[in-house]
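*Asks:* fold the stuff below for me.
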Amino acid sequence: MIICFGCSWPMSVYKSIKSRTTKGKSLQFECLVWIGYVFGIVGKIITDNITYVFVFYVINIIMVSIDLGFYYRNYKLDKLADEAAKGITAG
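*Replies:* Model prediction:
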């Protein structure tokens, strides 16, 4: 499961970069996944169960964090596009 998620996040980041919009994205979903990875990492550290799986948790949380960063960039771009569209229709 963690490897499949690990393969999916780079595709999600790529989509965020190329689409330049938040349409089709869920901030709540990404935040919940990010929190899940935090708990997974903390759980591995607390139980002193650092295995190879820990590396995948870290890689995945980094990818989700990058995707969240692009979400906020794209949110700003969406707002600018909405304002520009309003300016065109108002003018």
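*Asks:* host element of the residue minimising distance to the centre of the chain?
*Replies:* Here the mean C-alpha position of the chain is nearest to the C-alpha of D67 (Cα atoms, centre = their mean), at a distance of 3.1 Å. In the assignment (DSSP states H and E), D67 maps to helix 52-90.
*Asks:* packing partners for that helix?
*Replies:* helix 2-19, helix 27-46 (3 or more Cβ pairs under 8 Å, 6 or more residues apart in numbering; DSSP states H and E). All C-beta atoms are positioned from the backbone trio N, CA, C, and that covers glycine.
*Asks:* give the closest residue to I3 in space, chain neighbours not counted.
*Replies:* Closest residue to I3 apart from its sequence neighbours, by Cβ to Cβ, 6 or more residues apart in numbering: F56 at 6.6 Å.
*Asks:* and N74, how many residues sit next to it?
*Replies:* By the criterion of other Cβ atoms under 10 Å, N74 has 18 neighbours.
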